[in-house]
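In: My questions are about this predicted structure, shown below with the sequence.
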Amino acid sequence: MAAAYVHPEVLVSADWVEQHRNDPKVRIVESDEDILLYEMGHIPGAVKVDWQGDLQHQILRDYIDAAKFAEICERSGISNDTTVVFYGDKSNWWACYAFWAFKLFGHKDCRIMNGGRKLWTDQKRELTVEVPSYPKVTYTVDPAAAAEASIRCFRDDVLAHQKAGLPLIDVRSTKEFTGERTHMENYPEEGALRGGHIPGAKSVPWSLAVNEDGTFKTADELKVIFESEAGLKPTDNVVAYCRIGERSSLTWFVLTYLLGYPTVRNYDGSWTEWGNLVRVPIVKGA
Amino acid sequence: MSAAALDEIVSELGGADRQERIELLIDFARNLPPLPAKLDHMKDAAHRVEECQSPVYLFVELHGDRIEFHADAPIEAPTVRGFVAILVEGLKEATIEDVLSIPNDLIERIGLPEILGMLRVRGLHGVLGRLKAEVTRAAIGRASEPSA
């Protein structure tokens, strides 16, 4: 019998979104790499959250604080008990990043629309340029619910994780993993002074987890990729990283929700931090 | 900068507020003319801008001292498509010198980093660099041809 996703409820279909887009308990959020896409047309009723302009601190290399996050939710009509459904371009890469950031602040009910923007438009579903406005709500970030410690890690955590021989998943392209390139293919100048990977890391490029149409692969296919091929076990404590922590949020989502791993942390400093640190261990080559 | 049409676009975008700028960029993206049929089948690695994650193609020809410039980028990547459309529109009838004298901070002058963020404008710098390189190459190619 085919394996099922461990937490299938976090994934919703385009049909589900059609049925719930006027549901006051549900808010649809578009989060894209290309910031103009939302303005070109979005799912009716959807609001925009920008990974860079909204979620990232504009000066520090960090996320916004709890007060700013509450503001974004309040302006978007998102209360603490709203079901927030993320979708976006590039196989939901940025939607997963926004999902992860919402979890940093402890938002309870987050979901991903399987297939993202591409599947929605490929199926010729309705798009609008009309920007909705929702009555302002109140949002309170509960520090006790914030999940930062359990889903995000910093360089010292990664060093300790690596020294302990615990599993690391490097989700960058093969050329970035081997050190042939110090930046992501087609993203020059976003690189690091050194190329290679963190010792012990297994290479599982993020895009292996998604199909051509933007949907996630089945649980069986994901198990082959992460367990048979990369050697993970469902009880493992895993750190995922990429270049700035965006591609690895999708892998974090897959391991945490689709395969149900208990401890998966995203190293958002990722290679642009590690590849620039003095005296940290690096391996070059496959 | 001496391409008058591009100058005009720069001052229009530079003077617009954030939301107007987004809308103008979208208009440009929607109105990029399709490639002429003779170029449409030449969308290959040689004409692709490497720095862009999305498939962006540039074609430059010289007619006398004027350039003929065509470009293509997918509508799913409106940012880069909009930027490419600005160049196509702004450089109609431009000379080699017009292109080579486009300031390298054009992207900043049109206020794109402010709406796109620094990380997202890298690919656009790649487009501008590639355009100048293509025009330079075409000019050198012509200079080395034996005169008739």
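Out: Now that the structure is in, tell me what you want to look at.
In: The longest helix seen in chain A near chain B anywhere?
Out: Secondary structure assigned by DSSP state H gives helix A:89-104 as the longest helix of chain A. Yes. Legend: contact between helix A:89-104 and chain B by Cβ under 8 Å from any Cβ of the partner chain is shown at A:Asp89. For the C-beta atoms, the positions are set from N, CA and C on the backbone; glycine is no exception.
In: where's A:Lys202, which helix or strand?
Out: Here A:Lys202, judged by DSSP states H and E, is contained in strand A:201-203.
In: helices and strands of chain A: which one has the lowest mean pLDDT?
Out: Averaged element by element with mean pLDDT, DSSP states H and E, chain A has its least confident helix or strand at helix A:174-178 (a mean of 91).
In: tell me how far that one is from the chain's mean position?
Out: 21 Å (Cα atoms, centre = their mean, to the nearest Å).
In: wait, does it contact chain B?
Out: No. Counting by Cβ under 8 Å from any Cβ, chain B is not contacted by helix A:174-178; separation bottoms out at 13.5 Å.
In: Spatially central residue (nearest the centroid) of chain B, please.
Out: Geometric centre of chain B, nearest residue: B:Leu87, 3.4 Å, by Cα atoms, centre = their mean.
In: any idea how far B:Ile86 lies from chain A?
Out: Taking Cβ to the nearest Cβ, to the nearest Å as the measure, B:Ile86 falls 13 Å from chain A.
In: any idea which helix or strand carries that residue?
Out: B:Ile86 belongs to helix B:78-90 when assigned by DSSP H and E.
In: before we move on, back to that, C-terminal to the longest helix of chain A, what's the next element?
Out: strand A:110-113.
In: and that next one, what's its mean pLDDT?
Out: Average pLDDT, strand A:110-113: 98.
In: Next: stretch B:26-43.
Out: 93.
In: roughly how far out does it sit from the chain middle?
Out: Centre-to-centre, stretch B:26-43 and its host chain are 12 Å apart (Cα atoms, centre = their mean).
In: Check stretch A:111-127 too.
Out: The chain centroid and the centroid of stretch A:111-127 are separated by 17 Å under Cα atoms, centre = their mean.
In: Going along the chain, name the helices of the stretch 151-286 of chain A.
Out: Along the stretch 151-286 of chain A, counting by DSSP state H, counting those that start in this stretch, helices occupy A:155-163, A:174-178, A:219-223, A:247-253, A:270-274.
In: For A:Ala46, which of those helices is the nearest?
Out: Ranking the helices of the stretch 151-286 of chain A by proximity to A:Ala46 (Cβ to Cβ) places helix A:247-253 first, at 19.3 Å.
In: packing partners for that closest one?
Out: Helix A:247-253 is packed against helix A:89-104, strand A:237-241, strand A:263-267, with contacts defined by 3 or more Cβ pairs under 8 Å, 6 or more residues apart in numbering or on different chains; DSSP states H and E.
In: re the thing from before, return the set of buried residues in the helix holding B:Ile86.
Out: Neighbour-count burial for helix B:78-90, counted by 16 or more other Cβ atoms under 10 Å in any protein chain shown, picks out B:78-90.
In: how much space between B:Ala29 and chain A?
Out: From B:Ala29 across to chain A, the span is 7 Å (Cβ to the nearest Cβ).
In: What helix or strand is that residue located in?
Out: helix B:18-30.
In: before we move on, what about B:Leu58?
Out: Assigned by DSSP H and E, B:Leu58 falls in strand B:57-63.
In: Is A:Arg152 bridged to anything, and to what?
Out: Using DSSP bridges, the bridge partners assigned to A:Arg152 are A:Asn266.
In: isn't A:Val47 right next to A:Arg21, touching?
Out: No. Counting by Cβ atoms under 8 Å, A:Val47 does not reach A:Arg21; the two are 11.5 Å apart.
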